[in-house]
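[1] next input, structure requested:
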Amino acid sequence: ELRQAEPDLQKDADMNRRHFLNQLGGGFGGLALAGMLEADGLLAATVQPGVGAAVEVLHHPQKAKRVVQLFMGGAASHLDLFDYKPALEKHHGEKSDFGEHVEAFQNGLGPWMKSPFSFRQYGECGKHLSEVVAPLGDVADEMAFVHNMVGKTGVHSQATYLQSTGFDTPGFPGMGSWISYALGNMNENLPTFVVLPDRRGFASNGPKNWGAAFLPTHHQGTIIRPGTENPIADLVPRAKYVSKAGDSRALQLLTKLNREHQASRPGDSRLEARIRSYELAAKMQLSAPEALDISGEPKHIIDMYGLSNGEKEFSKEINPVEETDYFGRKCLVARRLLERGVRFVQIWSGNDNGFPRRNWDSHEDIKRDHGPLAMGMSHGAAALIKDLKQRGMLDDTIVLWTTEFGRMPSTQGSKGRDHNPYVFTNWLCGGGIKGGTTYGPSDQWGYKPLDRDNPTQVYDIHATILHLLGIDHRKLTVRHNGIDRRLTDVHGHVIDELLA
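    Okay, the predicted model is just below:
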């Protein structure tokens, strides 16, 4: 009888210990302890799937645990990259006739315009790709294209919000923030959500695209600028009179003061987040430089990402060598961050409006702007996919390519294209995605979805990504202002046709 009772006594003891550890690890003071215990396997039963996860038990088995989002700021043209339209070649230069009234953003309802770039088929799937994204042809059989995406607006700021946060107004968390909140971190020495912006500036809305909004502040994206003298702002002191020892003592004093301040104001998540940020910053002083240092990468990897051009200065004109260098560098750093436990990396191409164009908003000249940007993007993205695959990481890493909307099949001026929120393209690969897939065609012109009653929206993309991460998008909610908010609002369904 005693021997029969021993397992029950041990079970009760284990449960009490788990309860104690869970209570201890739940507050900000136990963050570091929780991380160390989980690393030792002692918190596996209480904190899943990552430290600090809101979803302690996944809703279903996950296929992926990491995400890379490639965001083309300014609205990349589906017609000139991924969505081949023979009808535009046949009717190029003819007066455009959409068969209905079209609300143009500017004056982009000129004649039908074929792409200035040639297309050809790639891979066993036979996917047509433009010559300026030809490097992606090597991985076409890994990719799934969605050609019937629709937006709600042709205004850059609102459309960028929609693709970033699931809402077209400010005040909502970015997708990376939701995933950080849901799944927690896999490495206590690096942020869960990292943003690699365009070197020329932010896209529309700036940091609001990756803000945490009403989620705890520490789930917002951390900005890193690879290849710059100071890639993480304010991480280390720059003044000559500050020593490492002095900096360490200052951080200890800040922590002490912040804890005293927080103790007198219980329940304020902003204070907890600030303390966490200081704790993380102290750890990142050691871990981040190593993660961002690509000097130890072998030559064939440097070559694959297009970083062996030997250039120290680039032309003032937009050019493919420069775009490949900067975008490829961000893709390589993204891989290094992912393999060190960063959960979500967002890579941006293109800044907000300016002239000459340094984004995808090609109102004046598609060939001039899209050519270099697309060549740089496709070189880096293809290298990232190949690199993830050869390291066995593509199986559990989702790569998502998106932009805020598409561009019209008719001309603006003689060489540009106006905004088209009525249809555009996303593509995904890795992490449970069925490669070699084309889903949801657009119509013959690339103006609207072929099946207008069943378009794909950003909610569906987000729902599918969460599903692959082991999360039911309908169950990931946070009550805010009396409403149970979620990334997919009240919409969205998993796109089964994209699942492997």
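[2] starting at the chain centroid, how far to stretch 430-439?
    When distances are taken as Cα atoms, centre = their mean, to the nearest Å, stretch 430-439 is centred 17 Å away from the chain's centroid.
[3] return the residues in contact with Gly435.
    Cys125, Asp141, Glu142, Met143, Ala144, Cys429, Ala500 (Cβ atoms under 8 Å, 6 or more residues apart in numbering). For every residue, glycine as well, the C-beta is placed using N, CA and C.
[4] among those residues, which lie within strands?
    Using DSSP state E, Met143, Ala144, Cys429 are the members of the contacts of Gly435 that sit in strands.
[5] format those as TSV; extra columns: distance to Phe214 and pLDDT.
    Converted to TSV, the ones in strands among the contacts of Gly435 look like this (distance: Cβ to Cβ, whole Å; pLDDT from 0 to 100):
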residue	distance to Phe214	pLDDT
Met143	34	98
Ala144	32	98
Cys429	32	98
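[6] quick one, phi/psi of the residue most central in space within the chain?
    Centroid check for the chain by Cα atoms, centre = their mean gives Gln69 as the closest residue, at 2.5 Å. Dihedral angles of Gln69 (phi, psi; degrees, to the nearest 10) stand at phi -110, psi 120.
[7] quick check: it touching Thr402?
    Yes - counting by Cβ atoms under 8 Å, a contact exists between Gln69 and Thr402, whose distance comes to 6.8 Å.
[8] could you identify the buried members of the contacts of Gly435?
    Cys125, Asp141, Glu142, Met143, Ala144, Cys429 (16 or more other Cβ atoms under 10 Å).
[9] wait, the third one sits on Gly431?
    So that's Glu142. No - proximity of Glu142 to Gly431 does not meet the contact threshold set by Cβ under 8 Å, at 10.8 Å.
[10] now do the shared contacts for the two.
    Overlap between the contact sets of Glu142 and Gly431, as judged by Cβ under 8 Å, 6+ apart, is given by Leu394.
[11] measure Glu56 to Pro298 for me?
    Distance from Glu56 to Pro298, counting by Cβ to Cβ, to the nearest Å: 40 Å.
[12] who has more neighbours out of the two?
    Comparing Glu56 with Pro298 by neighbour count (other Cβ atoms under 10 Å), the higher total belongs to Glu56, at 12 against 8.
[13] would you say the more buried one is within a helix?
    No - Glu56 sits outside any helix when classified using DSSP: H, G, I helix; E, B strand; the rest coil, being coil.
[14] the stretch 351-500 of the chain: strands as residue ranges?
    Residue ranges of the strands in the stretch 351-500 of the chain, as given by DSSP state E, counting those that start in this stretch, are 397-403, 406-407, 419-420, 424-429, 437-439, 478-480, 483-485.
[15] what strands line up against the first one, and which way round?
    When pairing is defined by DSSP bridges, strand 397-403 lines up against strand 66-72 (parallel), strand 424-429 (antiparallel).
[16] turn the ones you listed into JSON lines, including distance to Met375.
    Rendered in JSON lines, the data for the strands paired with strand 397-403 read as follows (distance: least, Cβ to Cβ, whole Å):
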{"stretch": "strand 66-72", "distance to Met375": "13"}
{"stretch": "strand 424-429", "distance to Met375": "17"}
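[17] go through the strands of the stretch 351-500 of the chain and pick out the most buried.
    When neighbours are counted by mean count of other Cβ atoms under 10 Å, the highest per-stretch mean among the strands of the stretch 351-500 of the chain falls to strand 406-407, a mean of 30.
[18] helices or strands up against that strand?
    strand 419-420, strand 424-429 (3 or more Cβ pairs under 8 Å, 6 or more residues apart in numbering; DSSP states H and E).
[19] so which of those comes closest to Gly310?
    strand 424-429 (30.8 Å; Cβ to Cβ).
[20] for the stretch 351-500 of the chain, give me the ranges with low pLDDT.
    Counting by pLDDT under 70, the ranges of the stretch 351-500 of the chain that qualify are 354-355.
[21] same question, the stretch 1-150 of the chain
    Low-confidence segments of the stretch 1-150 of the chain, defined by pLDDT under 70, span residues 1-49.
[22] neighbours of the spatially closest residue to Gly166 that is not a sequence neighbour, how many?
    Distance criterion Cβ to Cβ, 6 or more residues apart in numbering; nearest residue to Gly166, sequence neighbours excluded, is Leu487 at 4.9 Å. Residue crowding around Leu487 was assessed by other Cβ under 10 Å; the count is 28.
[23] what's the distance between Leu487 and Leu88?
    According to Cβ to Cβ, Leu487 and Leu88 sit 35 Å apart.
[24] what sits against Ile232?
    Thr222, Ile223, Ile224, Arg225, Met284, Ala288.
[25] figure out the helix or strand that it lives in.
    For Ile232, there is no enclosing helix or strand under DSSP states H and E.
[26] any idea how far Pro409 is from it?
    43 Å.
[27] endpoint to endpoint, stretch 224-238 covers what distance?
    Start-to-end span of stretch 224-238 (Cα to Cα, to the nearest Å) is 17 Å.
[28] ugh, wrong one, stretch 74-81
    15 Å.
[29] switch to numbering from 13
    Fine by me, first position is 13 from now on; the one you just mentioned is stretch 86-93.
[30] what does it rub up against?
    97, 100, 127-129, 141-142, 144-145, 159, 168, 171, 215, 362, 365, 369, 371-374, 378, 382, 385-386, 415-419, 421, 429, 431-432, 435-437, 454, 458.
[31] tabulate the helices and strands packed on strand 418-419 in JSON lines, adding columns for distance to Ile483.
    Putting those into JSON lines (distance: least, Cβ to Cβ, whole Å) gives the following:
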{"stretch": "strand 431-432", "distance to Ile483": "31"}
{"stretch": "strand 436-441", "distance to Ile483": "16"}
